[in-house]
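*Asks:* Sequence below, structure please.
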Amino acid sequence: MICVADSKIYHKVGSSNVTQNIERKVVLFAVNRLVDLRQYYLPIIWNFWAIISLVYFWGLLFFKYHCGWQKSIRSINAVKYWVNRVWEVNKDTFDAIMNGSDL
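*Replies:* Alright, predicted model coming up:
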């Protein structure tokens, strides 16, 4: 592990506002976690945790953020779409999820 003291981190404007685009933020969070997990676990273990994670993220959207049944299911389907499509979450993936029309 190393530390780069002179590194810079840029935050996208408005991405920290919880009330705005919450579905897309949860999708981004879920995709990032599942893509990272896929790199470190065997496929059978990853599939087990992916199912549990998808249920968790659905519950987060439905119960905590009150997104409704249809938006929650649509968001989970977007997570599955992106996890099957990408092997890393980079700037392009971030922009596509946050600005795309898939939700």
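*Asks:* Just after the helix or strand harbouring W49, pick out the following helix or strand.
*Replies:* With elements taken from DSSP states H and E, the one containing W49 is helix 43-59. With elements assigned by DSSP H and E, the helix or strand that comes after helix 43-59 is helix 69-85.
*Asks:* Only the buried residues of the helix or strand just after that next one, if you could.
*Replies:* Sequence-wise, the next helix or strand downstream of helix 69-85 (DSSP H and E) is helix 91-99. By 16 or more other CB atoms under 10 Å, the buried positions in helix 91-99 come out as 93, 96-97. For the C-beta atoms, the positions are set from N, CA and C on the backbone; glycine is no exception.
*Asks:* now swap in stretch 73-84 and tell me
*Replies:* Neighbour counts using 16+ other CB under 10 Å place 74-76, 78-79, 82-83 of stretch 73-84 among the buried residues.
*Asks:* thinking again about what came up before, what packs against the helix holding W49?
*Replies:* The elements that helix 43-59 packs onto, with contact taken as 3 or more CB pairs under 8 Å, 6 or more residues apart in numbering; DSSP states H and E, are helix 22-40, helix 69-85.
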